[in-house]
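> need coordinates for the below:
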Amino acid sequence: MLLWQNVYKHTANVVQSSVMPCSLVEKTVFGLLRICQQLLPYKENLTNELLKSLQLVLKLDARVADAYCEQITQEVMHLVKANAMQIRSHMGWRTIISLLSITARHPEASEVGFETLSFIMSDGSYLLPTNYVLCLNAARQFAEC
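Numbers count the residues shown, from 1 in each chain. Below you'll find the model as predicted:
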């Protein structure tokens, strides 16, 4: 947990100070996504902190987010497909569904975002009271687009 706090602070500083796509922000964002993918199955005590950290991706400057949207969505898909059973909290699902929802209006990323949402909704074990309404709202966004 002590190490994670420093990683989070560094990641937050990079995300908040980046207004254009660059190597540093790319490595930081994808490093964060991969750390979450790797640790979620093994660090149950960090699950909420890891998922909360993904909210930083939602705070990316629009130009940065647009440049990496397709790749971010693919990483989120891998994270969900490998770790959906570990995501139990409303906050965790809200973060994941928000990351998927923003892809509905992004042509390059919407297919992967919808595929991931379909994965969550098609298996009864992943559709929970904590994410049911979130999934329905995201599905509506995809349908509208």
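> for the longest helix seen in the chain, list every residue counted as buried.
The residue-count maximum for a helix in the chain (DSSP state H) belongs to helix 62-83. In terms of neighbour count (16 or more other C-beta atoms under 10 Å), helix 62-83 has its buried residues at 64-65, 67-77, 79-80, 83. Backbone N, C-alpha and C define where each C-beta goes, glycine included.
> what sits against Y42?
By C-beta atoms under 8 Å, 6 or more residues apart in numbering, no residues touch Y42.
> cool, and the one 5 residues further on?
With contacts defined as C-beta under 8 Å, 6+ apart, the neighbours of T47 are L40, Q86, I87, R88, S89, G92.
> and the gap between it and T95?
The gap separating T47 from T95 is 12 Å, by C-beta to C-beta, to the nearest Å.
> do I have it right that M20 meets A62?
No. Judged on C-beta atoms under 8 Å, M20 makes no contact with A62 at a distance of 10.9 Å.
> C-terminal to the helix or strand Q38 falls within, what's the next element?
Element membership of Q38 [criterion: DSSP states H and E] is helix 23-39. Once helix 23-39 ends, the next helix or strand along the chain (criterion: DSSP H and E) is helix 47-53.
> still on that earlier bit, now do the buried residues in the helix holding Q38.
In terms of neighbour count (16+ other C-beta under 10 Å), helix 23-39 has its buried residues at V25, T28, V29, L32, L33, I35, C36, Q37, L39.
> for the fifth one, report the pLDDT, please.
Spelled out, it's L33. On pLDDT, L33 comes in at 96.
> show me what contacts it?
If you count contacts by C-beta under 8 Å, 6+ apart, L33 has them with L54, V57, I72, E75, V76, L79.
> now those residues in a markdown table, with pLDDT and distance to Y8?
Below are those laid out as a markdown table (pLDDT from 0 to 100; distance: C-beta to C-beta, whole Å):
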| residue | pLDDT | distance to Y8 |
| --- | --- | --- |
| L54 | 96 | 11 |
| V57 | 96 | 13 |
| I72 | 96 | 18 |
| E75 | 97 | 18 |
| V76 | 97 | 18 |
| L79 | 96 | 17 |
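> out of these, which is nearest to L100?
Among the contacts of L33, V76 lies closest to L100 (C-beta to C-beta), at 6.5 Å.
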